[in-house]
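1. I'll drop the sequence and a predicted model, then ask my questions.
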Amino acid sequence: MRNLYIHVPFCAGKCDYCAFYSEPAPDAVPIRQWLDRILFQLEENAPRLENAETVYFGGGTPSLLPDDVLNRLFAAVREAVPNAIEISIEANPFTVTPEKTAVLTSYANRVTLGIQSFEPALLEAIGRRSHSGPGPEEAVRNLRQAGLRNLGLDLMYALPGETPDQWRRDLERALELNPEHISAYSVTPEPGTLFAVRVEGKPEDDVLSEAMWEQAGATLGAAGIPRYEISNYARPGFGSCHNSNVWRGQTYLGLGPAACSFDGNDRWTQVSDLRAWLDGAPPDVDRIPRRARLGEILMMGLRTVRGWTRREFEMATGCGWDDFSAQLDELAERGLVTLTADTITPAERGLAFWNDVAETLVFAP
Ligand code: SF4
């Protein structure tokens with residue numbers, strides 16, 4: 001396994017738009033139980049992880065874990081994954097006190113802060129909980145003072161009522177914090193969320209959303225943080241290794257409830273229920289037929305601006321993309337990708353309408 005993901009399924013509250021699995025307002029008992037099981041699974045999987053390059057702690061809100069839990073978790077991961085070069089952790093700014101910063105940066109060399117928006121009214125519009133504690137500026141200051149060199153900020157756009165001017169201000173405020181990486185996703189009404197219920201029947205403004213996506217590309221690109229994936233932007237050399245590896249078909253092991261794994265052949269997803277996961281519920285295994293797997297790897301790589309070279313695709317899959325020639329020709333004719341004998345590169349339209357690219361490749365006969 002080349003990459004390790006650990007899902008921390010705890011948050012201080014549940015944001016209305018969030019479809020990730022998390023338990024709001026956890027007490028100490030489930031946190032300890034979760035930790036014990038993760039430590040056991042790390043030990044069990046250590047032989048498969050010794051060559052892993054990346055570790056990613058996602059959630060949920062990993063930075064919400066008590067300091068002693070984080071310290072024990074980090075010590076165990078350090079031992080199981082001795083060769084990791086990138087260790088990322090997601091953090092909510094309000095948790096990033098100087099004390100927490102010291103713990104986070106004792107192991108993680110990349111921290112991404114969930115900002116979403118700097119405008120309180122917009123955060124309220126999507127039901128993002130507010131908490132007392134450090135704001136984004138203070139959290140960034142704490143992390144930089146601790147020597148962090150790889151800082152990411154997560155933003156959202158196309159929030160209800162948001163104007164292009166407000167989005168421009170959010171982008172500018174993010175740039176003032178001088179991050180190495182920015183993720184920017186449009187808010188979507190995921191089924192089962194309170195936000196989806198709230199906006200039910202109201203049509204999404206796809207034109208505005210696309211304009212804001214273009215605005216992000218132009219503003220961040222001009223600031224030296226160009227897009228390298230549909231929703232991700234980085235200074236040169238600071239793209240997320242973990243996510244890039246996953247987009248390029250590498251193997252990953254996911255530990256924790258709702259975590260997903262891929263061993264190069266099959267994909268399996270842990271149950272999205274802490275209690276059931278603690279009780280040992282088996283994962284849902286998806287045995288992916290060879291052709292579908294190739295189509296998936298091909299389409300995931302086309303999320304990235306650089307697309308594929310033939311050699312990279314052959315190294316990732318052990319074969320070429322000739323089985324998909326007809327679909328690739330069709331995508332090129334529709335202006336979604338550019339083809340040469342040895343490369344496939346997504347056009348800007350192909351990134352903006354990546355779902356069309358994915359559908360064409362995955363549902364290929
Ligand atoms: S958006 Fe983040 S903080 Fe809010 S509930 Fe989801 S995982 Fe937790």
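-> Received the coordinates, thanks.
2. list the contacts for the spatially most central residue of the chain?
-> Closest to where the C-alpha atoms of the chain average out (CA atoms, centre = their mean) is N243, at 6.7 Å. By CB atoms under 8 Å, 6 or more residues apart in numbering, the residues touching N243 are Y56, E229, N232. Bear in mind the C-beta positions are built from the backbone N, C-alpha and C, glycine included.
3. what residues are up against the second one?
-> Right, the one you point to is E229. G239, N243, S244, W247, R303, T304, V305.
4. Kindly state the beta-bridge partners for it.
-> Beta-bridge partners of E229, counted by DSSP bridges, are N232, T304.
5. before we move on, what about the first one?
-> Each beta-bridge partner of Y56 is listed here, defined by DSSP bridges: Y5, S88.
6. For it, the count of nearby residues, please.
-> 27 (other CB atoms under 10 Å).
7. if I pick it, what's in contact with it?
-> With CB under 8 Å, 6+ apart, Y56 has these contacts: N3, L4, Y5, I6, I87, S88, I89, H242, N243.
8. Need the pLDDT of the residue nearest to P98 when sequence neighbours are not counted.
-> Excluding its sequence neighbours, the residue lying closest to P98 (CB to CB, 6 or more residues apart in numbering) is N142, at 5.3 Å. Looking at N142, its pLDDT is 98.
9. likewise P365?
-> 65.
10. which residues touch the residue in the stretch 251-365 of the chain that the ligand sits nearest to?
-> Closest approach between the stretch 251-365 of the chain and the ligand, counting by CB to the nearest ligand atom: A258, at 10.9 Å. For A258, the contact set (CB under 8 Å, 6+ apart) comprises H7, P9, F20, Y21, T269, Q270, V271, S272.
11. Nearest residue to E137 in space, please, no chain neighbours.
-> Using CB to CB, 6+ apart, the closest residue to E137 is L177 (6.9 Å).
12. and the one you found, how many neighbours does it have?
-> For L177, using other CB under 10 Å, the count is 18.
13. circling back to that earlier point, tell me the one among the contacts of N243 nearest to the ligand.
-> Of the contacts of N243, the one sitting nearest to the ligand (CB to the nearest ligand atom) turns out to be Y56, at 14.1 Å.
14. all strands of the stretch 51-200 of the chain, in order?
-> When assigned using DSSP state E, counting those that start in this stretch, the strands of the stretch 51-200 of the chain occupy the ranges 54-59, 86-91, 110-116, 151-157, 181-186.
15. can the contacts of Y56 go into JSON lines with extra columns for pLDDT and distance to E330?
-> Compiled in JSON lines, these are given as follows (pLDDT from 0 to 100; distance: CB to CB, whole Å):
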{"residue": "N3", "pLDDT": "98", "distance to E330": "32"}
{"residue": "L4", "pLDDT": "98", "distance to E330": "37"}
{"residue": "Y5", "pLDDT": "98", "distance to E330": "34"}
{"residue": "I6", "pLDDT": "98", "distance to E330": "40"}
{"residue": "I87", "pLDDT": "98", "distance to E330": "41"}
{"residue": "S88", "pLDDT": "98", "distance to E330": "37"}
{"residue": "I89", "pLDDT": "98", "distance to E330": "41"}
{"residue": "H242", "pLDDT": "98", "distance to E330": "32"}
{"residue": "N243", "pLDDT": "98", "distance to E330": "28"}
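16. who in the stretch 101-250 of the chain is up against the ligand?
-> Taking CB under 6 Å from any ligand atom as the contact definition, the stretch 101-250 of the chain meets the ligand at G114.
17. Enumerate every residue touching the residue of the stretch 101-250 of the chain found nearest the ligand.
-> Taking CB to the nearest ligand atom as the measure, the point where the stretch 101-250 of the chain comes nearest the ligand is G114, at 5.6 Å. Shown in contact with G114 (CB under 8 Å, 6+ apart): T61, E90, A91, N92, P93, D154.
18. can you put these in JSON lines and add pLDDT, distance to A211 and neighbour count?
-> Formatted as JSON lines, the contacts of G114 follow (pLDDT from 0 to 100; distance: CB to CB, whole Å; neighbours: other CB atoms under 10 Å):
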{"residue": "T61", "pLDDT": "96", "distance to A211": "31", "neighbour count": "21"}
{"residue": "E90", "pLDDT": "98", "distance to A211": "28", "neighbour count": "21"}
{"residue": "A91", "pLDDT": "97", "distance to A211": "30", "neighbour count": "25"}
{"residue": "N92", "pLDDT": "96", "distance to A211": "29", "neighbour count": "22"}
{"residue": "P93", "pLDDT": "96", "distance to A211": "28", "neighbour count": "21"}
{"residue": "D154", "pLDDT": "98", "distance to A211": "21", "neighbour count": "20"}
